[in-house]
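Trainee: Make a model of this:
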Amino acid sequence: MALRISTRRSSAICNCVASVSSRGPRFTRRNASAMAVPTSSQSEKAGNDFNREASLSNPDPPTDSPTAAMVGEHTKYMVATYVRPPPMMVKGEGCYLWDIENRRYLDFTAGIAVNALGHCDPEMAKLMGQQARTLIHTSNLYHNPWTGALSQLLISKTRESGSMHEASKVFICNSGSEANEAAIKFARKVGKILQPSGEQHEIVSFNNSFHGRTMGSLSATPNPKYQKPFGPMIPGFKYGIYNDESSLKDLITEKTCGVIVEPIQGEGGVNVATSSFLQALRNRCNEVGAVLIYDEIQCGLSRTGQLWAHQNLPASAHPDILTTAKALGNGFPIGATMVTEEVAKCVVTGDHGTTFGGNPLACRLAHYIISRLSEPGLQRGVLEKEKIFRAGFERLQKRFPDAVSEVRGRGLILGLQLTQDPTPIVTAARERGLLVITCGTNTLRFVPPLVISGEEIEEGLGILEQAMDVVLNSQEHVPGTRGQQEMAPRGR
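Mentor: Numbers count the residues shown, from 1 in each chain. Below you'll find the predicted structure:
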């Protein structure tokens with residue numbers, strides 16, 4: 001009987017989801033202020049919970065909600081790789097998301113720096129429908145017009161921007177991890193050609209980096225918490241200290257075939273590499289014949305107000321390989337690895353491949369997205385919006401001087417360093433209609449859609465200030481939200 005009721009309830013909720021219109025979800029909102037008043041027999045805690053919920057615009061769905069019912073039915077069939085907060089999102093438009101119970105949220109996360117053009121960009125949706133009716137997949141055993149067109153556009157826009165001046169060829173894949181896997185393999189292949197004995201095989205990466213979860217990219221991600229369950233890691237990986245130029249000579253040696261680095265570490269805490277550090281990396285790679293890889297999966301594609309985060313560097317500090325994903329598909333899975341001609345000539349037929357990578361649907365969408373993200377007006381807007389965020393952060397720092405210690409980042413990849421666990425603030429913000437995520441240790445991360453307006457930024461900053469006030473200045477206990485970053489520090 002319980003199973004029949006559960007299935008019926010799930011079907012009803014799915015029907016509600018299917019009825020979402022372009023104007024927003026047509027659900028009955030669970031309004032805390034309209035709930036029955038607790039009776040005198042209820043506990044004081046229940047009364048306090050009720051009063052708290054009634055004061056919130058977006059209280060998390062409780063355990064007896066339709067959301068909780070559907071989540072409970074689904075999670076027993078899902079591998080528990082993520083910890084998620086209670087709401088279930090069913091619709092997005094621009095910089096807003098709606099959950100299944102019609103709560104609206106301003107999104108400062110953009111799907112972890114993915115939805116640079118916002119949710120459900122109309123032109124992207126139109127192109128998706130057109131291409132889906134034309135051709136979705138043929139495999140890489142045949143040519144299609146969009147894989148090459150996207151590759152050509154990536155190279156031309158990169159060179160036009162003043163980035164990676166020797167960019168020559170592109171490998172299209174499905175994700176950021178796959179883009180980094182390709183980069184690691186290509187670096188190893190170059191090392192094998194330079195040293196057929198196999199001596200030049202080591203890959204160098206840096207503490208607090210995040211390059212992915214596949215075995216190669218995880219081996220380049222020196223977080224013991226995430227490596228230990230799957231050890232031993234792939235041999236030949238070494239780790240250095242980010243922005244420490246003095247250690248590079250001993251770290252990068254004649255055995256090094258490749259160095260992979262994020263110009264701005266996203267998951268690691270929005271840590272920005274200094275120009276001198278990246279130049280020193282380039283110089284040392286030149287000395288030993290190693291390939292320099294810039295992982296711009298999170299920080300690239302105009303998130304800094306430039307097409308690529310390394311664009312401000314002289315050509316002498318440009319990479320041999322550049323990896324990208326996330327914003328490249330604005331939510332549709334795609335990644336890319338750009339290489340110089342020197343690297344490309346080392347990779348021959350059969351060295352690498354992908355079944356789905358480069359399919360016409362993904363590549364047509366990415367072609368449109370690159371065209372949009374490379375617009376100078378959009379890039380100028382990113383820098384203007386950064387100023388609004390920084391002014392808001394300065395106000396927060398003045399109001400909460402004991403809690404806010406530093407602001408880091410560039411453009412619209414920004415980090416607010418706190419002196420304590422920020423996860424209660426994540427909860428308090430969400431329950432007031434704002435989505436934010438964390439990174440590093442005690443850092444709030446801000447990676448909103450690049451098309452966000454100044455008014456929306458001010459709206460979100462106002463909600464954030466309310467959330468911080470509740471957590472930092474009131475007696476109210478707000479539970480922390482776990483699982484709001486890919487690589488959480490130990491104990492989070």
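Trainee: Walk me through the domains of the chain.
Mentor: Listed domain ranges for the chain are 2-113+377-473, 127-372 (source: automatic domain parsing).
Trainee: Low-confidence regions, the stretch 1-150 of the chain specifically.
Mentor: Along the stretch 1-150 of the chain, segments meeting pLDDT under 70 span 1-54.
Trainee: hey, where'd the helices end up in it?
Mentor: For the stretch 1-150 of the chain, helices defined by DSSP state H, counting those that start in this stretch occupy the ranges 2-18, 44-54, 66-75, 110-113, 122-132, 145-161.
Trainee: swap in the stretch 251-400 of the chain?
Mentor: If DSSP H, counting those that start in this stretch is used as the criterion, the helices of the stretch 251-400 of the chain fall at 275-288, 341-344, 360-373, 376-399.
Trainee: can those helices go into a markdown table with extra columns for distance to residue 322 and mean neighbour count?
Mentor: In this view, the C-beta of every residue, glycine as well, is placed from N, C-alpha and C. Converted to a markdown table, the helices of the stretch 251-400 of the chain look like this (distance: least, Cβ to Cβ, whole Å; neighbours: other Cβ atoms under 10 Å):
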| stretch | distance to residue 322 | mean neighbour count |
| --- | --- | --- |
| helix 275-288 | 13 | 17 |
| helix 341-344 | 11 | 16 |
| helix 360-373 | 13 | 22 |
| helix 376-399 | 18 | 15 |
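Trainee: Just send the ones you listed back as a markdown table, with distance to residue 130 and mean pLDDT too.
Mentor: Listed next are those as a markdown table, based on distance: least, Cβ to Cβ, whole Å; pLDDT from 0 to 100:
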| stretch | distance to residue 130 | mean pLDDT |
| --- | --- | --- |
| helix 275-288 | 41 | 98 |
| helix 341-344 | 32 | 98 |
| helix 360-373 | 8 | 98 |
| helix 376-399 | 23 | 98 |
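Trainee: ok so, going back, turn the domains of the chain into TSV, columns for distance to residue 485.
Mentor: Shown next, in TSV, are the domains of the chain (distance: least, Cβ to Cβ, whole Å):
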stretch	distance to residue 485
domain 2-113+377-473	5
domain 127-372	6
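Trainee: Quickly compare those and say which is most buried.
Mentor: Comparing the domains of the chain by mean neighbour count (mean count of other Cβ atoms under 10 Å), domain 127-372 ranks first with a mean of 20.
Trainee: Alpha carbons of stretch 185-197, as PDB, please.
Mentor: Output of stretch 185-197 as PDB, limited to C-alpha atoms (Å, rounded to 0.1, in the frame of the first residue of the first chain):
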ATOM      1  CA  LYS A 185      47.900  12.300 -22.600                       C
ATOM      2  CA  PHE A 186      49.100  14.800 -25.100                       C
ATOM      3  CA  ALA A 187      51.900  16.000 -22.700                       C
ATOM      4  CA  ARG A 188      52.900  12.400 -22.100                       C
ATOM      5  CA  LYS A 189      53.100  11.800 -25.800                       C
ATOM      6  CA  VAL A 190      55.300  14.800 -26.300                       C
ATOM      7  CA  GLY A 191      57.500  13.500 -23.500                       C
ATOM      8  CA  LYS A 192      57.800  10.100 -25.200                       C
ATOM      9  CA  ILE A 193      58.800  11.700 -28.500                       C
ATOM     10  CA  LEU A 194      61.500  13.800 -26.800                       C
ATOM     11  CA  GLN A 195      62.700  10.900 -24.600                       C
ATOM     12  CA  PRO A 196      61.700   7.500 -26.200                       C
ATOM     13  CA  SER A 197      63.100   5.800 -23.000                       C
END
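Trainee: chain center to it: distance?
Mentor: Put simply, stretch 185-197 sits 31 Å off its chain's centre (Cα atoms, centre = their mean, to the nearest Å).
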